[in-house]
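Enquirer: my questions concern the predicted model and sequence given below.
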Amino acid sequence: MTVAVVPGSFDPPTLGHVDVISRAVEVFDRVLIAVVANPSKTPLFSSAERIEMLTDICADWPNAEVDAFDGLLVEFARDRGAVVIVKGLRAVADFEYELQMAQMNQHLSGVQTVFLPTSPEHAYLSSSLVKEVARFGSSLEGLVPPVVATALKERFQ
């Protein structure tokens, strides 16, 4: 059984995230969606809120689980029996940073990283841009799943 981890801050989850997760659940036996506690960022949503949204989003995929962690991703992966980290790439600019991370993760633990390009219709999405759109009350149609759109509207009211 191949266990993969799809890590991210998911603050909030976008349709780009869902795109990568949906393809990962087709390829791997078990997929752990790992909500990262990033100490260098102040999240809009708590870890528990992000887990709740992602659990709702992933409800139709029996081989997907959502969890949170802090610390090193490779330790989380090792503790959960994961042998692959799945990272979504939106553009070439993402690749340079993600390649460095992949090489460090492999050096530390031997865990491999698989890169999945985001589908073209979602390549422009980022959580930061989505938060900006929501902050100004614009439509979130085509940017985030309905559960996330509702949470963003409530947060910015």
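Expert: Sure thing, it's come through.

Enquirer: so the residue nearest to Ser139 when sequence neighbours are not counted is in which element?
Expert: Nearest in space to Ser139, with sequence neighbours left out and distances taken as Cβ to Cβ, 6 or more residues apart in numbering, is Val133 at 7.8 Å. Any C-beta I mention is one placed from the backbone N, CA and C, and that applies to glycine too. Using DSSP states H and E, Val133 sits in helix 127-135.

Enquirer: picking that back up, ok, now which ones touch the residue nearest to Ser139?
Expert: Shown in contact with Val133 (Cβ atoms under 8 Å, 6 or more residues apart in numbering): Ser139, Leu140, Leu143.

Enquirer: nearest residue to the second one other than its sequence neighbours?
Expert: Looking back up the chat, that one is Leu140. Closest to Leu140 by Cβ to Cβ, 6+ apart is Ala149, at 4.2 Å.

Enquirer: the one you found and Phe45, how far apart?
Expert: Look at Ala149 and Phe45: by Cβ to Cβ, to the nearest Å, they are 13 Å apart.

Enquirer: same check on Leu125?
Expert: Taking Cβ to Cβ, one finds Leu125 at 17 Å from Phe45.

Enquirer: contact partners of the helix ranked longest in the chain?
Expert: Assignment by DSSP state H gives helix 92-109 as the longest helix of the chain. The contact list for helix 92-109 (Cβ under 8 Å, 6+ apart) reads 72-75, 77-78, 85, 87, 89, 111-113, 115.

Enquirer: go again with 6 Å.
Expert: Val74, Arg78, Lys87, Leu89, Val111, Thr113 (Cβ atoms under 6 Å, 6 or more residues apart in numbering).

Enquirer: who wins for neighbours among the residues you listed?
Expert: Lys87 (21 neighbours; other Cβ atoms under 10 Å).

Enquirer: wait, is it part of a helix?
Expert: No. Counting by DSSP: H, G, I helix; E, B strand; the rest coil, Lys87 falls outside a helix, being strand.

Enquirer: so who does it touch?
Expert: Lys87 makes contacts with Glu98, Thr113, Phe115, as judged by Cβ under 6 Å, 6+ apart.

Enquirer: Three-state assignment for the nearest residue to Arg80 once chain neighbours are set aside, please.
Expert: Leaving aside its chain neighbours, Arg80 sits nearest to Leu32 (5.7 Å; criterion: Cβ to Cβ, 6+ apart). What three-state DSSP gives for Leu32 is strand.
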